[in-house]
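Peer 1: give me a model of this one.
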Amino acid sequence: MCKSRTGRALALLLGAVCLMSFGLLGCGQAAAAPNALQLIDKTVAAAAKVKSFKLDTYLTENYIVTGVSDNSVTTDSWQFTAQKQVDVANKKLYQVLDNYSLSGSGSSSFAMTSYIAGEWEYYCQSQPWLSTPAVTWNKTSLEAEPSAWEKSVQLQPQVDLLQNSQILGDVKTVSEDGRQYFVIDLLPSASAAADWVLSQQQRFGSSLGWFRTGTERSREIYAKAYTGGSVRLWIDQKNDLIVKAETNLLFDAVPGNIMRGDTGLMVAAGQENSEDVGFTHILRSFSGHWEFSDYNQSVSIELPAAALNATEHP
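Peer 2: Model prediction:
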């Protein structure tokens, strides 16, 4: 029974990723298209000069544990959404983040409004299911959270994928909504896929790391568990900037690349196998899309009055 469920779970997730990958490759194309390496160089250079932009993000995580001792299968799904305004030139950011469970009653949800201004990140987290949710502003020094800016801005993680992936096929040219794009399909390396997932981590809500591990150990587990996926980028022909990204990644963690110590369970010396974690597979898939707009347009980001009295947290 356990083996059958594991096979079905693997087939479902692999099938979903494959379908998404094949769907991505079915886009129409025009005759003329640039060399992929030249396009990548031009896009990297253009991204380095960006002064401002807006971004909408949509990410879904599916999580399946199979092969546990009682033959049960544990599943969970989370949806992450965000709307951002980014002033790169002045290192300012405004964003509204929301993540919630798709497999539960909806009570497991978190919403956060945050700003980055000066050397501080200001944030207000709430739990929407409460009848009268408290609204309290806190702030953290960017020195204490050096990755907060890059994780929030989200342009660099897409560029990193572009630079650290295998190119699939030729660059295509497409026309959508009256605009012309170059479209490039990629297969990320294991390390690039691991870095990309961890770049999506939010301050609140469901963790994208592994169990009780830190960032480096989570990165190692993801790299070992990576089984493949696809990335498609739409690049504006006028300015060589990424306009849209679609990403689908699949990871299959098995005993050996996750150790008993990673789960927080103790291992008695000489008594237990450190690879005995109580399951045979943890399948995690990530799929979503990112929509960039209003590059280098005027943007005004001002802290609300309530945030000026934020409590400092380490």
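
Peer 1: centre-most residue in the chain?
Peer 2: Centroid-nearest residue in the chain: Q200, 3.6 Å away (criterion: Cα atoms, centre = their mean).

Peer 1: which residues sit in contact with that one?
Peer 2: Shown in contact with Q200 (Cβ atoms under 8 Å, 6 or more residues apart in numbering): L59, F80, K151, P157, L208, F286. All C-beta spots, glycine's among them, are computed from the backbone N, C-alpha and C.

Peer 1: again, 10 Å this time
Peer 2: Counting by Cβ atoms under 10 Å, 6 or more residues apart in numbering, Q200 touches T57, L59, E61, F80, A82, K151, Q154, P157, L208, T247, F286, G288.

Peer 1: give the helix, strand or coil label for A45.
Peer 2: What DSSP: H, G, I helix; E, B strand; the rest coil gives for A45 is helix.

Peer 1: from what I see, it and L162 are in contact.
Peer 2: No - taking contacts as Cβ atoms under 10 Å, A45 lies outside contact range of L162: 11.7 Å.

Peer 1: do a quick rundown of the helices in the stretch 201-314 of the chain.
Peer 2: Taking DSSP state H, counting those that start in this stretch, the helices of the stretch 201-314 of the chain run over residues 215-225.

Peer 1: any low-confidence regions in it?
Peer 2: Applying pLDDT under 70 to the stretch 201-314 of the chain picks out residues 203-205, 264-272.

Peer 1: do a quick rundown of the strands in it.
Peer 2: Counting by DSSP state E, counting those that start in this stretch, the stretch 201-314 of the chain has strands at residues 226-236, 242-253, 281-293, 311-312.

Peer 1: in a markdown table: those, plus distance to S109.
Peer 2: Shown next, in a markdown table, are those (distance: least, Cβ to Cβ, whole Å):
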| stretch | distance to S109 |
| --- | --- |
| strand 226-236 | 27 |
| strand 242-253 | 23 |
| strand 281-293 | 17 |
| strand 311-312 | 23 |
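
Peer 1: returning to that earlier point: between A45 and L162, who's got more neighbours?
Peer 2: L162 (24 against 10; other Cβ atoms under 10 Å).

Peer 1: got the contact list for the residue nearest to Q166 when sequence neighbours are not counted?
Peer 2: Nearest residue to Q166, sequence neighbours excluded (Cβ to Cβ, 6 or more residues apart in numbering): L187, at 4.3 Å. The neighbours of L187, taking Cβ under 10 Å, 6+ apart as the test, are S21, S165, Q166, I167, L168, A193, G228, G229, S230, V231.

Peer 1: pretty sure L187 is in a strand, no?
Peer 2: Yes - under three-state DSSP, L187 sits within a strand.

Peer 1: show me what contacts the residue lying closest to N309 once chain neighbours are set aside?
Peer 2: The shortest distance from N309 to any non-neighbouring residue, by Cβ to Cβ, 6+ apart, is to W137 (6.9 Å). For W137, the contacting residues are 113-115, 122-125, 303-311, by Cβ under 10 Å, 6+ apart.

Peer 1: hmm, back to that, tell me which of the strands of the stretch 201-314 of the chain sits nearest to D76.
Peer 2: D76 lies closest, by Cβ to Cβ, to one member of the strands of the stretch 201-314 of the chain: strand 281-293, at 9.8 Å.

Peer 1: in the stretch 51-200 of the chain, which spans are strands?
Peer 2: Going by DSSP E, counting those that start in this stretch, the stretch 51-200 of the chain shows strands at 52-66, 74-87, 92-101, 109-117, 120-126, 137-141, 165-176, 179-188.

Peer 1: how close does D252 sit to T66?
Peer 2: Look at D252 and T66: by Cβ to Cβ, to the nearest Å, they are 10 Å apart.

Peer 1: more neighbours: which of those two?
Peer 2: The neighbour comparison of D252 against T66 (other Cβ under 10 Å) goes to T66, with 23 against 20.

Peer 1: hmm, that one is touching G278, no?
Peer 2: No - with contacts defined as Cβ under 10 Å, T66 does not count as touching G278, sitting 11.3 Å away.

Peer 1: wait, S199 sits on Q154?
Peer 2: Yes - if you go by Cβ under 10 Å, S199 and Q154 touch, sitting 7.5 Å apart.

Peer 1: quick one on the thing from earlier: between the strands of the stretch 201-314 of the chain, which one is nearest to S101?
Peer 2: Nearest of these (Cβ to Cβ): strand 281-293, 14.9 Å.

Peer 1: that's all I had, so thanks and see you.
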